[in-house]
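In: give me the fold of what follows.
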Amino acid sequence: MSGLLTPLALLGAVTLRLMAALGRVSLFALNTLGHIVRPPFYPKEFALALLNIGWLSLPVVGLTAIFTGGALALQIYSGGARFNAEAVVPQIVAIGMVRELGPVLVGLMIAARVTSSIAAEIATMKVTEQIDALVTLSTHPMKYLVVPRVLAALLTVPLLVAVGDIIGVGGGYSVAVKNLGFNPAAYLQNTVDFLELRDIVSSLVKGAAFGIIAALMGCYYGMASERGAQGVGRATKSSVEAAAVLILAANFLLTGVFFSI
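Out: Numbering: from 1, shown residues only. Coordinates of the predicted model:
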């Protein structure tokens, strides 16, 4: 009998740990929201976060988007040729980049670049007792470290998603026109005619949600880091893993909200 209960006990323990972790993250998010609407504010930290999360992420976002758009055009053309449907390349590239690939890829790139950076920075501050020094100087760590980064991600990641969408569609356009023989004017016209306002809005909303998730996970795991170099490494790894999984889960939920029939 005890042998049968062991798997159930393990499943229950894992479930309890998962629920406890979700509860801690939820409380951290609510605490962050409460500090966002209350002064004091730190404009310099906010500006630095804008620069790091937004501007400095443009190269990796642009390169990811342009290669993805080009590869998507080639794949759709190759697949469509089996059914004599090569002409759908502009429409599918546009909807694929704007609805799904653009927001998700940008979100994952932000998780890889920004979440890891935030977690490592804050965890190192905790290990070297800089966070304790902030408290000693009557500076709330949540307001100084977390709020500026979350706000910056909320504002900049939707813009990065918009840029990624445009560059991705442009990558598909370049490949289709130069390599697949599409007419440039007809390709652009099909792209514009096929996209709807709902597609663009969903892309930007996903970007905002993914930005909040990426910044929150970096801040949460950084603040919860254990002491020592290994603690910093574990916090960085866990933050990226959690951000990536939550971004994909949020993408599924938001897609259902916007495009459920």
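In: mind giving me the packing neighbours of the helix or strand harbouring residue 162?
Out: Here residue 162, judged by DSSP states H and E, is contained in helix 147-179. If contacts are counted by 3 or more Cβ pairs under 8 Å, 6 or more residues apart in numbering; DSSP states H and E, helix 147-179 sits against helix 2-36, helix 43-53, helix 58-80, helix 89-95, helix 102-110, helix 184-194, helix 197-223. Glycine gets a C-beta too; all of them are placed from N, C-alpha and C.
In: mind listing what's buried in it?
Out: Going by neighbour count (16 or more other Cβ atoms under 10 Å), the buried part of helix 147-179 is 147-173, 175-177.
In: how about stretch 223-230?
Out: Buried residues in stretch 223-230, counted by 16+ other Cβ under 10 Å: 223, 224, 225.
In: tell me the angle the helix holding residue 162 makes with helix 58-80.
Out: If you take axes from the mean of the first three to the mean of the last three Cα atoms, to 10 degrees, helix 147-179 sits at 40 degrees to helix 58-80.
In: all numbers from here: first residue = 15
Out: In the new count, where the first residue is 15, that last one comes out as helix 161-193.
In: and helix 161-193, what's its mean pLDDT?
Out: Average pLDDT, helix 161-193: 94.
In: just want the angle from that helix to helix 57-67.
Out: For helix 161-193 against helix 57-67, the angle by the same axes, to 10 degrees is 30 degrees.
In: picking that back up, redo the buried residues of stretch 237-244 as JSON lines? Include pLDDT.
Out: Formatted as JSON lines, the buried residues of stretch 237-244 follow (pLDDT from 0 to 100):
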{"residue": "237", "pLDDT": "90"}
{"residue": "238", "pLDDT": "87"}
{"residue": "239", "pLDDT": "85"}
